[in-house]
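1. here are the coordinates; sequence isn't available:
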């Protein structure tokens, strides 16, 4: 059967049109941000440089793409429409009349839809894993830097142990189908996901110790929310069935958190060692504040600049790690539309077809680039103060 | 200085011991042992068959005994047939003796690869040599390019060259190997046809520009941006120093100041960064070698991990951990040597 094709220019217009919800959302957010940029603090300052605007735009673009994926993508990312096997970009699918804008892949799926849906996986796992890594790194890095001595020696040794592992070997050991039969991923998840709860409880306790009523509310909310998420993620026993995670996704999540938290630990430790020599820390010590109050309410807020920059870079790095996992076929299901898996599939067949390879590579690259530009602009702006 | 190095070597040995124990634990988990025995027997083996194979080859012994055997502090045992009492070596393809013996890392024996049916040493060292060649060419291209970009960008902070080069280096850090590899293959192999999209021939027929440029280029590009940015930061800092101003006021030309006064001081920080790039390169090596089918260390590691080849995987992890820790040591010692203001305690 002969397929009908549309031209390159029409493909371009078609892609632009499919992204219409993203353009509207981008216009609204960017318009509002530029109008009120004087009142938005650090975020507003980003709009003073081209690099910052570019970074914010690219990141928001992918964020909105992930949010509106079901509207943007014309096809189901897993649906196979046999006629369209290896179809070139711009081929019109005869039944629905929609176009395979970027062509079809080896299994006759729409590459454009897969790319759009792939952003969902990346934009959920990468920032969430980075946040957990930040929590773990901060909670352990603060005492290591502040107390020094034996605590520091032990924690640093453990961190260096993980850092000395080549990432790829770590993934081959931690993310295999076999390991999901053992309790190891769940045990690790159980430990890692405790850190945010501990962090917030200590945070509120140290500050509001003398105001029991306020403290009770805060601790209650933290424990309730934290326990709910914890039950959903670790035991897959969320009573409301809102938070659920598949075992293979949990495995990836845990591996990524494990691989990136020692890096955060090292940065936090270094920052704390620098900041604890400042006068305001000495003042707090003289006031008789508890060590954890000083760490969480005096040191940490003053370390936020470098940490925000690092978080941006780290989300990008986590995206690269996720892509690596996909590229080696670890963890994610083989039919999963995420970018890494798509790159693996396509790169094997580069000799016969090149069009399936380009959309996921460019998507991944542009997202990481956006985050790196954002981090660069943030660093410039925070250095100005 | 000497005691510093000795202490660091001690920590290194401890780290390697801990890490190999973790790796040993992970690859001896039940699902992995099953995978190994199925690959050694065949797909349709019964559970009793698998179990008896595992027991016979000593995989059911105490964890620490087996780790000690690999380490070389406990004797390795040959297979003993329970009925006849006949003694046979565990893996005949490795020339293992048919008697108990000490054969572990401490004796220099890396063990036996069940996947490649040969000793680990016979597989690992040629693979390392092949990767060494790749690394050499990557370093030869990456370091000078990165340093040049960094110096040109940092020479005049805020200039148009600086901005262009900075954005370019940010772009390369956002391009992991599996992305740049695909893009380069599409451009240079599929469209232009200048280069070969596979380095498989490099092992058998030797390295040529045609088959080796793409892997080297792919690996170098990811590191260039990072080193260039570090060099730029260091260069910018040096250019604001008093002695640079003095040299300028003395009437020296801008180029002389950069080459004679700024460069030497600006290159100290990138040295550390370049050394610490090795661990990153290790991951890159795995991706690039798999992508371009180059039979090196990374390729071996993936094969070993995919087939749960216990001894080979342990050998690979030992080598990679050694590389990471050793480069860290060199970077610390080298930094103290290059920068006399730093004293190592």
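-> Sure thing, it's come through. Treat the numbers as computed from the prediction; the structure is a model and nothing was measured.
2. For the rest of this, base every contact and every neighbour count on C-alpha atoms.
-> OK.
3. which residue ranges form the strands in the stretch 51-200 of chain A?
-> Secondary structure of the stretch 51-200 of chain A (DSSP state E, counting those that start in this stretch): strands at A:91-92, A:99-100.
4. Same question for chain B.
-> Taking DSSP state E as the criterion, chain B carries its strands at B:79-80, B:87-88, B:112-113, B:118-119.
5. Partner strands of the last one and their direction?
-> Strand B:118-119 sits in its sheet next to strand B:112-113 (antiparallel), going by DSSP bridges.
6. who's in contact with the partner strand?
-> Residues from elsewhere that reach strand B:112-113, judged by C-alpha atoms under 8 Å, 6 or more residues apart in numbering or on different chains: B:91, B:94, B:118, B:119, B:120, B:309, B:310, B:311, B:312.
7. I'd like the distance from that strand to the chain centre, please.
-> When C-alpha coordinates are averaged (C-alpha atoms, centre = their mean, to the nearest Å), strand B:112-113 and its chain have centres 21 Å apart.
8. Now do it, average pLDDT.
-> Averaging pLDDT along strand B:112-113 yields 78.
9. ok, now stretch B:207-224?
-> Mean pLDDT, stretch B:207-224: 82.
10. what's the top helix by length along chain A packed up against?
-> For chain A, the longest helix by residue count, based on DSSP state H, is helix A:111-147. When contacts are defined as 3 or more C-alpha pairs under 8 Å, 6 or more residues apart in numbering or on different chains; DSSP states H and E, helix A:111-147 sits against helix A:50-67, helix A:69-72, helix A:149-164, helix A:194-208, helix A:247-275, helix A:304-327, helix A:339-348, helix A:358-384.
11. rewinding a little: turn the strands of the stretch 51-200 of chain A into a markdown table, including mean pLDDT and distance to chain B.
-> Listed next are the strands of the stretch 51-200 of chain A as a markdown table, based on pLDDT from 0 to 100; distance: least, C-alpha to the nearest C-alpha, whole Å:
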| stretch | mean pLDDT | distance to chain B |
| --- | --- | --- |
| strand A:91-92 | 75 | 21 |
| strand A:99-100 | 76 | 21 |
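12. Throw these into a markdown table and include distance to residue B:326 and mean neighbour count, thanks.
-> As requested, those are exported to a markdown table (distance: least, C-alpha to C-alpha, whole Å; neighbours: other C-alpha atoms under 10 Å in any protein chain shown):
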| stretch | distance to residue B:326 | mean neighbour count |
| --- | --- | --- |
| strand A:91-92 | 54 | 21 |
| strand A:99-100 | 51 | 24 |
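13. Can you tell me the closest non-neighbouring residue to the spatially most central residue of chain B?
-> Against the mean C-alpha coordinate of chain B, by C-alpha atoms, centre = their mean, the closest residue is residue B:282 at 3.0 Å. Once flanking residues are discounted, residue B:282 sits nearest to residue A:166: 6.8 Å by C-alpha to C-alpha, 6 or more residues apart in numbering or on different chains.
14. Now the closest residue to residue A:6 other than its chain neighbours: phi and psi?
-> Nearest residue to residue A:6 in three dimensions, chain neighbours excluded: residue A:90, at 5.1 Å (C-alpha to C-alpha, 6+ apart). When read as degrees, to the nearest 10, the backbone of residue A:90 gives phi 90, psi 10.
15. tell me the contacts of residue A:90?
-> A:5, A:6, A:7, A:8, A:11, A:99, A:100, A:101, A:102, A:103.
16. repeat that with 6 Å
-> Listed by C-alpha atoms under 6 Å, 6 or more residues apart in numbering or on different chains, the contact set of residue A:90 reads A:5, A:6, A:11, A:100, A:101.
17. Who does the first one form a beta bridge with?
-> Bridge pairing for residue A:5 (DSSP bridges) gives the partners residue A:91.
18. State the pLDDT value of residue B:86.
-> On the pLDDT scale, residue B:86 is placed at 66.
19. should've said residue B:91
-> Among the per-residue scores, residue B:91 holds a pLDDT of 69.
20. again with the one 5 residues further on
-> Residue B:96 is assigned a pLDDT of 70 by the prediction.
21. quick one: which of the helices and strands packed on helix A:111-147 is nearest chain B?
-> Comparison of those against chain B by C-alpha to the nearest C-alpha identifies helix A:358-384 as nearest, at 5.0 Å.
22. Would you mark the buried spots in that closest one?
-> By neighbour count, with 16 or more other C-alpha atoms under 10 Å in any protein chain shown as the criterion, the buried positions of helix A:358-384 are A:358-382.
23. Go back to these and keep what's next to chain B.
-> A:361, A:365, A:368, A:369 (C-alpha under 6 Å from any C-alpha of the partner chain).
24. Which residues of the stretch 51-200 of chain B lie near chain A?
-> Within reach of chain A by C-alpha under 6 Å from any C-alpha, the stretch 51-200 of chain B has these residues: B:171, B:174, B:175, B:179.
25. All good on my end, thank you.
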